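> Next one to model:
(chains A and B)
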2 protein chains.
Amino acid sequence: MTPPVPVPLDLPVTGAWRPGDPVGDRRFHHLPTDRPFNLEGGRALDRVEVAYETWGTLRGDGSNAVLVCHALTGDSHAGGRGGWWEELIGPGRPLDTDRYFVVCSNVLGGCQGTTGPSSPDPSTGRPYGSSFPVVSIRDMVRVQASLADALGVGVWHSVIGGSMGGMQALEWGIVHPDRVRSLVLASTTSEASALQIAWSHIGRMAVQADPRFRGGDYYDAEPGDGPWRGLMVARMCAQVTYRSDEAFSERFHRSVVDRFAFSMDAVFDVEGYLDYHGLKLVRRFDANSYLRLNRAMDLHDVARGRGSLRQALSRVRVPVQVASVRSDGLYPPAQQHALRDALLDLGRRVDYVDVDSPQGHDAFLIETGVLGPRIAEFLESIDD
Amino acid sequence: MTPPVPVPLDLPVTGAWRPGDPVGDRRFHHLPTDRPFNLEGGRALDRVEVAYETWGTLRGDGSNAVLVCHALTGDSHAGGRGGWWEELIGPGRPLDTDRYFVVCSNVLGGCQGTTGPSSPDPSTGRPYGSSFPVVSIRDMVRVQASLADALGVGVWHSVIGGSMGGMQALEWGIVHPDRVRSLVLASTTSEASALQIAWSHIGRMAVQADPRFRGGDYYDAEPGDGPWRGLMVARMCAQVTYRSDEAFSERFHRSVVDRFAFSMDAVFDVEGYLDYHGLKLVRRFDANSYLRLNRAMDLHDVARGRGSLRQALSRVRVPVQVASVRSDGLYPPAQQHALRDALLDLGRRVDYVDVDSPQGHDAFLIETGVLGPRIAEFLESIDD
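Down below sits the predicted model:
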């Protein structure tokens, strides 16, 4: 039996962004350097940098800004060619850039230009690697708030996100109730479930089990000698949990790559699909970032330090759009129903969107034709 | 960051059974050695041996025999102390051993006494390892048929199994319609789905990515130097797919191992649970067997070489009990409904059992209190 996927010798050690990488028209904001950025977990970071992208023009009164928050392996390139929400952002699109000033920044701990484990530690000049601290969703939001200040955005017309992006959007409504006029929360939750933590843990185990991970200090390795196999396995798991039995059956059923064989090598199309997506992520994502961001999601629990879920959500004072996908097994509708019902119970206005799609968790990225018009209507209904 | 699970130095290289291992009261059947055992995939095995266990006494006319088929990581120790279906097998239990002669054999390709990758290749005297051929569910059934001959069982009162065991039971009804009087198919399918193949493939990738796997030839390694990390990750994935969001939320929610911490180490109980189950399997199961049996399940498709699903199922001529679990996301009820409806359409008697349990796929092992009485009634209704 040969390894099912040959070693791709052209693989970088890490999929982290490097200056000059041509992904979107990024700009950078530097957080104040006169004091360290204190993290919720107790540690601190010096010289935090944020990569972000914007579309449209900010009104003089700063009232038309919309913040889009990306999910786990997303980045600041939400709009424009190849953007992960390209269909939603642009002139005449649901997030109409003739009207709104749309902002998306890469999250703290990420690998697409914002400070993360592959960034140089100012105290050593070498990548943080294993020494990069655990960050939280709340830390990500504090970095975004600093960016908002720098951009001159006092109050966001809306903060919008799906999955991990929705976690950030919800925290915005809780931490900065006066700086948002609405929230859009798609396929997300007020607290990570045991199932979500389980998958996150398995992804970590897969990466950490790879001897090329070297405990997180692999940045000195030769190209192709990073922890790509472990990250690939982690991504393959995620890829399945992001879809559904229904979607896989429809798309692949038992179709074969070449011809049917009694073989241990990849026989079925779905195997080739997973290999492809596993390798694709490895080329563009850093393993340490993958671990840190998954951990931030595990730790997500809006009730932490705030008494109860009800007490936490009572801080949200604006209309909220909540979207569910019926086939999402990872962030099942019950999570969004709980969020919706808790907000309704607190007297908040909730616009609930029930997306009837077989695409599973990834539907928030795929079903833009359904989500887009609903988001546009909702934003339209929010007073400046 | 340290590896989340310390290297267990006492781990065997392989979890394969060794003569003398005290698991049940096994006996062994040797297939005829005058000719090789030809496999469906085209290769052949010499000197196939089958480990099996029995409970109760075979009637003189051989009419009271029941074959229980185990699932992926099961073995022949179904009944008796610590048996995986202990609650179902015994005097006065649903498979009443005062009445039935119950047989369970370890499958071909397994690692609990039946010929598999860790068995010595007669041509070299050393373990097959990577050279062990791909086997199919139909091959497993042919080995069981040889055992039935040896035991003097002409016709089984019933062939019973869940998951991979149900695949074998269904093939029994198709390949040997005259040798069964009934079938019990729990949480199984007439063909592996794309989702099932996807998880199987990911498990293979996790094992093969482990450098200690050595392409499958790891039996000469020092203790603890086998592919335990890869197999552990594979098992952790499986463990999650065998349960459900509901079951995990109920059991673990966000409870913590010790105290809450902003840490990359295991913080949540569900992480400890997965580590425990991952390591537990590694101690008792062989990685090569894990790969071969998963592959046999991927290849399971009763229609293969038989025209169509309908043509294949038309060979089944006996009453069939089909059981579904509502929370099973891996073998979802739709698969058993399809099987039930196809059999009904062919005019067969079907007894359908709808198990209302949150336990997911593993409910066929856990919900013996629900399944047991229904199986007992069904067997009772079958004429000798």
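> Need the pLDDT of the residue sitting nearest the centre point of chain A.
The centroid of chain A falls nearest to A:A71 when counting by Cα atoms, centre = their mean (1.4 Å). Reading off the confidence values, A:A71 has pLDDT 98.
> what about it, is that helix, strand or coil?
coil (DSSP: H, G, I helix; E, B strand; the rest coil).
> how about the closest residue to it other than its chain neighbours, what does it touch?
Counting by Cβ to Cβ, 6 or more residues apart in numbering or on different chains, A:A71 lies nearest to A:S163, which is 4.0 Å off, once chain neighbours are set aside. The way it works is simple: take the backbone N, C-alpha and C, and place the C-beta from them, glycine included. By Cβ atoms under 8 Å, 6 or more residues apart in numbering or on different chains, the contact set of A:S163 is A:A71, A:L72, A:A186, A:S187, A:T188, A:Y331, A:H361, A:F364.
> Does chain B have contacts with the helix or strand where A:A169 lies?
Using DSSP states H and E, A:A169 sits in helix A:164-175. No. Judged by Cβ under 8 Å from any Cβ of the partner chain, helix A:164-175 and chain B are separated, with a smallest distance of 14.2 Å.
> Against which helices or strands is that helix packed?
strand A:65-69, helix A:137-151, strand A:158-162, strand A:183-186, helix A:287-299 (3 or more Cβ pairs under 8 Å, 6 or more residues apart in numbering or on different chains; DSSP states H and E).
> Ok, which of these comes nearest chain B?
helix A:287-299 (6.0 Å; Cβ to the nearest Cβ).
> Give me the contacts around the helix or strand following that closest one.
Counting by DSSP H and E, the next helix or strand C-terminal to helix A:287-299 is helix A:309-313. With Cβ under 8 Å, 6+ apart as the test, helix A:309-313 has contacts from A:I174, A:S190, A:E191, A:V302, A:A303, A:R306, A:L339, A:A342, A:L343, A:D345, A:L346.
> Need the phi and psi values for A:Q196.
Torsion angles at A:Q196 (phi, psi; degrees, to the nearest 10) stand at phi -60, psi -40.
> Check the gap between it and B:V13 for me.
Using Cβ to Cβ, to the nearest Å, A:Q196 is found at 34 Å from B:V13.
> Which of these two has more residues huddled nearby?
A:Q196 (23 against 20; other Cβ atoms under 10 Å in any protein chain shown).
> For that one, which residues are in contact?
A:T189, A:M297, A:D298, A:L330, A:Y331.
> switch the cut-off to 10 Å
A:Q196 makes contact with A:163, A:189, A:241, A:294, A:297-298, A:300, A:330-331, A:335, B:245, B:248, B:270, according to Cβ atoms under 10 Å, 6 or more residues apart in numbering or on different chains.
> now A:L151
Residues counted as contacts of A:L151 (Cβ under 10 Å, 6+ apart) are A:R27, A:H29, A:Y52, A:T54, A:L58, A:G62, A:A65, A:L67, A:F101, A:V103, A:S105.
> and if you look at A:R340?
Each residue near A:R340 by Cβ under 10 Å, 6+ apart is listed here: A:L185, A:V320, A:Q321, A:V322, A:A323, A:S324, A:P333, A:R348, A:V350, A:D351, A:Y352.
> ok, so of these, who is nearest A:R212?
Nearest to A:R212 among the contacts of A:R340, counting by Cβ to Cβ, is A:L185 at 37.3 Å.
> Give me the number of neighbouring residues for the closest one.
A:L185: 30 neighbours (other Cβ under 10 Å).
> Contact partners for it?
When contacts are counted by Cβ under 10 Å, 6+ apart, A:L185 touches A:159-163, A:165-170, A:173, A:320-324, A:336, A:339-340, A:343, A:350, A:353.
> now for the helices and strands packed on helix A:164-175, which one comes closest to A:H201?
So among these, helix A:287-299 is nearest, using Cβ to Cβ, at 7.8 Å.
> What helices and strands are in contact with the closest one?
Using 3 or more Cβ pairs under 10 Å, 6 or more residues apart in numbering or on different chains; DSSP states H and E as the contact test, the elements touching helix A:287-299 are helix A:137-151, helix A:164-175, helix A:194-209, helix A:228-241.
> Just the element for A:A51, please.
Applying DSSP H and E, one finds A:A51 within strand A:49-55.
> picking that back up, any chance of the contacts of helix A:309-313 in JSON lines, with pLDDT and neighbour count too?
Output for the contacts of helix A:309-313, formatted as JSON lines (pLDDT from 0 to 100; neighbours: other Cβ atoms under 10 Å in any protein chain shown):
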{"residue": "A:I174", "pLDDT": "98", "neighbour count": "21"}
{"residue": "A:S190", "pLDDT": "98", "neighbour count": "22"}
{"residue": "A:E191", "pLDDT": "98", "neighbour count": "20"}
{"residue": "A:V302", "pLDDT": "98", "neighbour count": "25"}
{"residue": "A:A303", "pLDDT": "98", "neighbour count": "15"}
{"residue": "A:R306", "pLDDT": "98", "neighbour count": "15"}
{"residue": "A:L339", "pLDDT": "98", "neighbour count": "25"}
{"residue": "A:A342", "pLDDT": "98", "neighbour count": "18"}
{"residue": "A:L343", "pLDDT": "98", "neighbour count": "23"}
{"residue": "A:D345", "pLDDT": "98", "neighbour count": "11"}
{"residue": "A:L346", "pLDDT": "98", "neighbour count": "14"}
